[in-house]
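**Student:** Task: produce atomic coordinates for the following.
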Amino acid sequence: MKNELSYDLAALALQLESEVAANRALLKQCLIDAAAAAIAGYDSPAATIAAKCAVRGFGTGYVAPWFSSSANVTPIGAAFVNSSAMSALDIDDGNRAARGHLGAAVVPAASVFGSLNDVSADTFAHAILAGCEIGGRLGAAESPPFFASGRWAGVGVAVATGICLGFDREKLASAISLSVHAAPLVAAAGVRKQMTGHIKEGVPFGLLSGVASALLAELGYQGDPDAVESVGIFDTSRISPQSPDAFAFQRTYFKRYTCCRLAHAPIDAAVAIAAREQLAVEDIDRITVRTFRTTIELPNEARPTSFESAQFSLPFAIAVALVKGTDALLPLSIRTLESADVTALAKRVVLEHDPKLDALYPSTTPTTVQIDTRSGKRYEEQRDTADGDPGRPFTDAQLLKKLKTLGHGKVSEERLAAIAAALSDGIPSAGHFEAALRK
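**Tutor:** Residues are numbered from 1 along each chain as shown. From the prediction side, this is the model:
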């Protein structure tokens, strides 16, 4: 039968080719941000282990992972390593509709397989747009909301890979169906008491399932056509072309700090108070963050037990920004976990649930931050959402600055300038994008 959602989504994905021109500016920003996230995380523990695993598990090959001097690997191995690099420091893009991350899965897959198939800049852009749109709709349709990007980002990967491989509707529908059923089952951050592992939201594992699904579909491996309906985790009324989440891609956001998005607005509010009132850290008696339930459910360890847990702790991230300055979050260093001053202030951060804010998420990330001083004074600052959201977008110049800041000292200034130049004028072909990011 051809009336299942997998066929509708495949048809939509192919039709989105006509929407590339209207979304070109945002697509270019996604590529700038992808390069920034990758350069930040390519030498992280998670990406380093992923690179070794790619050699051992997938074998040596003919594709070089981005910014890496390790052995060339297979295409799927390179895409996995690149996804691991992009998602390692939690500074990759996200999506307000889907409540999670797509770029770190979709861009590496489209880049590697688009390059291998020598697709044009327009097809590369189409693959990213369609992958993020389909993945974003599925993320938005999770019912109840679950917040683990790997569960649906891989479907976007299957779409992006299929477009780079020239799939028709039939093959693309099969790739979508396979990737829905093959998606990793990753527990949401809010239900994990500690985040001591590297997996976080499982974005690179979503990539693996999505690429494998597309390659299998190319060879005739069939998926169940009713997979989207039967898997039982999606409100199907929110996925169709007429859904309220249509054009989920346009709700892409970009990050300023290497930590969970839910910490960004509170960080900016706390820093604004301290700057305005000229507060020193020793002046602060207590910081109260009034926020929505999803933020409260994060691990939020004042003394994080791992680098990954630090990324999901509002008290810790706010304390880092106030004690060491916001530059210490671009990127966050694992050595910061050992800072007694940061931990001491983080223990004075209190999170309070404000039920009135629940309905505003995920469209925005509102917060009110209150700082009480040791002298008895009280200051307050509100934020409707974080900078970099669709309603408060970054400029190309801001994202290029992010790229240069994260790359400073990691690659030469000449190399950084060349990457920036390759991404400044427009959307490159997949081959040119790959060439810019390889060692």
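**Student:** Please enumerate the strands of this protein.
**Tutor:** 60-63, 73, 94-95, 252-253, 284-291, 349-353, 367-373, 378-383 (DSSP state E).
**Student:** what's the neighbour count on the residue lying closest to residue 345 once chain neighbours are set aside?
**Tutor:** On the basis of Cβ to Cβ, 6 or more residues apart in numbering, the spatially nearest residue to residue 345 that is not a chain neighbour turns out to be residue 319, at 4.0 Å. C-betas here are computed from N, CA, C, even on glycine. Using other Cβ atoms under 10 Å, residue 319 is surrounded by 28 other residues.
**Student:** From residue 133, how far out is residue 120?
**Tutor:** Going from residue 120 to residue 133 by Cβ to Cβ, to the nearest Å gives 19 Å.
**Student:** quick one: which of those two has more around it?
**Tutor:** Taking neighbours as other Cβ under 10 Å, residue 120 and residue 133 compare with residue 133 leading, 28 against 13.
**Student:** Can you mark which positions in stretch 5-23 are buried?
**Tutor:** Buried residues in stretch 5-23, counted by 16 or more other Cβ atoms under 10 Å: 5-10, 12-14, 16-17, 19-20, 23.
**Student:** Next step: the residues you listed restricted to helices.
**Tutor:** Among those, the ones falling in helices (DSSP state H) are 5-10, 12-14.
**Student:** mind putting these in a markdown table, pLDDT included?
**Tutor:** Formatted as a markdown table, those follow (pLDDT from 0 to 100):
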| residue | pLDDT |
| --- | --- |
| 5 | 91 |
| 6 | 94 |
| 7 | 94 |
| 8 | 92 |
| 9 | 94 |
| 10 | 96 |
| 12 | 94 |
| 13 | 96 |
| 14 | 97 |
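**Student:** which one of those residues sits closest to residue 40?
**Tutor:** The nearest member of these to residue 40, counting by Cβ to Cβ, is residue 13 at 29.7 Å.
**Student:** I'd say that closest one and residue 175 touch.
**Tutor:** No: here residue 13 does not reach residue 175: they are 9.8 Å apart, not a contact under Cβ atoms under 8 Å.
**Student:** and for these two, which residues touch both?
**Tutor:** 159, 162 (Cβ atoms under 8 Å, 6 or more residues apart in numbering).
**Student:** Pick the most deeply packed of the strands of the chain.
**Tutor:** Burial of those is given as mean neighbour count (mean count of other Cβ atoms under 10 Å); strand 94-95 ranks first at a mean of 28.
**Student:** give me every residue that touches residue 427.
**Tutor:** By Cβ under 8 Å, 6+ apart, the residues touching residue 427 are 24, 27-28, 31, 121-122, 124-125.
**Student:** quick one: residue 270 from residue 264, how far?
**Tutor:** As defined by Cβ to Cβ, residue 270 lies at a distance of 11 Å from residue 264.
**Student:** Residue 340 is in contact with the residue nearest to residue 345, correct?
**Tutor:** No: using Cβ under 8 Å, residue 319 is not in contact with residue 340, being 11.0 Å away.
**Student:** Need the phi and psi values for the nearest residue to residue 230 once chain neighbours are set aside.
**Tutor:** Excluding the flanking residues, the one nearest residue 230 by Cβ to Cβ, 6+ apart is residue 224, at 6.8 Å. The phi and psi values for residue 224, taken as degrees, to the nearest 10, are phi -70, psi 120.
**Student:** residues near residue 224, how many?
**Tutor:** Count around residue 224 with other Cβ under 10 Å applied: 16.
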